[in-house]
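> only geometry, no sequence info:
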């Protein structure tokens, strides 16, 4: 029991450190990407925290298997470096016994990965897509930056010089709208002294209300333009509503994927079910690879192990794409990839058991 607690603590602590570093790198890259979108006016900075939170289960789904794989390599490699494995062998601890001890933390990590893969990651992807689509479907004054031309979708570009003291009124508003069906339709240029947003509670529709301005209708290539002077002009921006369930397999719940006969749904289901299984396969491979010579250092086999993980994940993603495109039957699916690396892990464990842990 003491040995079990010791090994489990070493593996989980190393895994936590590796997972923290990987999450910091991945989330940092995504944060920079979203922050650039905020700077461009794609959505307000207030939704940035929610977007990162909803992305977290998807990140954990990919980070935890790799972190556990590297955790076993580094933790057991350190045991070899300190000759602690030699003491365990002298006490009668075989490689199979060491593998049995490793399986319990492996099961805990697999359950966490399964929760993320089967439930949390699809929910987070759907929530993220809903936020992004809602922000792109409407012009929000909170994302307007005075003195900049900003694109808000649907062929609209807006420019303002500033806000009123209470932040509700936009000053010197300029809006350019492209024709929606090619060059034969006019483009509209609207200028107003001030403007504000308005939401109709009964319909949820959003409007940009402009006051004291002019509107010009221009057909590209035509030297004439229509001019309209107004005291009040309203432009419909879109509807503020929650995004309905998407037809894409990535956003569907796992139960719906199981019932669907579409190749994309079957591919996505096999991916979600295969990620927890990958944790056990990686643990089976990691234990034999962690055996190092003390004179080589515990990082001697880290690079080959990473290459092996990359090959595993690349083949798995290729199989998922093949099933989704229909070029690979769903009955075969991704399971041969798991079986091949599982057989490789068994071969490595058998070889280690045969040679002993001298």
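Thanks, I have the structure now. The structure presented is a predicted model; accordingly, all values stated were derived computationally and were not measured.
> Spit out the contact partners of residue 208.
The neighbours of residue 208, taking Cβ atoms under 8 Å, 6 or more residues apart in numbering as the test, are 139, 175, 195, 196, 197, 198, 234, 235, 237. Every C-beta, even on glycine, is put in place using the N, C-alpha and C of the backbone.
> Residue 250 contacts residue 269, doesn't it?
No: applying Cβ atoms under 8 Å, one finds residue 250 not in contact with residue 269, separated by 11.4 Å.
> If you count surrounding residues, which of those two has more?
residue 269 (23 against 15; other Cβ atoms under 10 Å).
> What residues of the lengthiest helix in the chain count as buried?
Determined from DSSP state H, the single longest helix within the chain is helix 2-39. Judged by neighbour count (16 or more other Cβ atoms under 10 Å), helix 2-39 contains these buried residues: 7-8, 10-12, 14-15, 18-19, 22-23, 26, 34, 38.
> that older thread, in strands only, show me the contacts of residue 208.
The strands, defined by DSSP state E, take in 175, 195, 196, 197, 198, 234, 235, 237 from the contacts of residue 208.
> Go through stretch 217-225 and flag the buried ones.
Applying 16+ other Cβ under 10 Å to stretch 217-225 flags 217, 218 as buried.
> I misspoke; the intended subject was stretch 341-355.
341, 342, 344, 345, 348, 349, 352.
> where does the chain have low pLDDT?
Counting by pLDDT under 70, the chain contains low-confidence ranges at 1, 40-42, 134-144, 152-154, 167, 179-184, 201-204, 238-247, 296-298, 355-358.
> Need the contact partners of stretch 118-133.
Under the contact criterion Cβ under 8 Å, 6+ apart, stretch 118-133 has outside partners 43, 47, 50-51, 53-58, 60-61, 242-243, 245-246, 250-254, 272-273.
> Filter those residues down to the buried ones and hand me the ChimeraX line.
Selecting only the buried entries of the contacts of stretch 118-133 in ChimeraX, with 16+ other Cβ under 10 Å as the criterion:
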select :43,47,51,54,55,56,57,58,60,61,251,252,272,273
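> ok so, going back, emit the PyMOL select command for whichever of the contacts of residue 208 are buried.
Filtering the contacts of residue 208 down to the buried ones (16+ other Cβ under 10 Å) takes a single PyMOL command:
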select buried, resi 139+175+195+197+235+237
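> which pair in the contacts of residue 208 spans the largest distance?
Farthest pair in those (Cβ to Cβ) is 175 and 198. Separation: 15.0 Å.
> Tell me the spatial nearest neighbour of residue 85, not counting adjacent residues.
Distances taken as Cβ to Cβ, 6 or more residues apart in numbering place residue 79 nearest to residue 85, at 5.1 Å, with adjacent residues excluded.
> and residue 10, what does it touch?
Applying Cβ under 8 Å, 6+ apart, we find residue 10 in contact with 75, 78, 79.
> could those be laid out in TSV, adding distance to residue 146 and secondary structure?
Output for these, formatted as TSV (distance: Cβ to Cβ, whole Å; DSSP: H, G, I helix; E, B strand; the rest coil):
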residue	distance to residue 146	secondary structure
75	55	helix
78	57	helix
79	61	helix
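> Put the buried members of those residues into a ChimeraX selection.
Only the buried members of these end up in this ChimeraX selection, burial being decided by 16+ other Cβ under 10 Å:
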select :75,78,79
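> rewinding a little: between the contacts of residue 208, which is nearest residue 105?
residue 139 (50.5 Å).
> How much space separates residue 312 from residue 339?
For residue 312, the distance to residue 339 (Cβ to Cβ, to the nearest Å) stands at 12 Å.
> More neighbours: the two, which one.
Neighbour comparison, residue 312 and residue 339: the larger count goes to residue 312, with 21 against 11 (by other Cβ under 10 Å).
> where's the more buried one, which helix or strand?
helix 302-325 (DSSP states H and E).
> Residues touching that helix, excluding its own?
Outside helix 302-325, the residues within contact range by Cβ under 8 Å, 6+ apart are 66, 69-70, 73-74, 77, 249, 263-264, 266-268, 270-271, 274, 278, 281-282, 285-286, 289, 328-330, 333-334, 336-338, 341.
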